[in-house]
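Trainee: coords below, sequence missing:
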């Protein structure tokens, strides 16, 4: 995913510590550990992050929502930094 609009669409503030929704067709179970490699908007640095599946949208979900999983961010320095950067980039209404 790329760009601020993709970040806003993927950000899941309802999860404690925040989370990211990732479209995928791969099967996952709640609690599965997932390794993500992220780059934050215009930064070249890649951030490896291990999170846990906290939400699953199955294929053919109601409301035409995409199939995928929400990954809960870990309570780690990397997770906290990502949450901080997300808040800094979020639009001010």
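Mentor: Yep, that arrived. Nothing here was measured: the structure is a model prediction, and the numbers come from that model.

Trainee: Please enumerate residues in contact with the helix or strand where residue 55 lies?
Mentor: Assigned by DSSP states H and E, residue 55 belongs to strand 46-57. For strand 46-57, the external contacting residues (C-beta atoms under 8 Å, 6 or more residues apart in numbering) are 12, 15, 19-21, 28-40, 65-74, 78-79, 81-82. To be clear about C-beta, it is placed using only N, CA and C from the backbone, and glycine gets the same treatment.

Trainee: quick one, what contacts the residue nearest in space to the middle of the chain?
Mentor: Closest residue to the average C-alpha location of the chain: residue 20 at 1.3 Å, with C-alpha atoms, centre = their mean. Shown in contact with residue 20 (C-beta under 8 Å, 6+ apart): 10, 11, 12, 36, 51, 70, 71, 73.

Trainee: Residue 70 - that's part of a helix, no?
Mentor: No. Assessed by DSSP: H, G, I helix; E, B strand; the rest coil, residue 70 does not belong to a helix; its assignment is strand.

Trainee: residue contacts, it?
Mentor: 12, 15, 19, 20, 21, 22, 53, 54, 55, 56.

Trainee: Can you select the buried ones among the residues you listed for me in ChimeraX?
Mentor: Per 16 or more other C-beta atoms under 10 Å, the buried members of those correspond to this ChimeraX selection:
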select :15,19,20,21,22,53,54,55,56
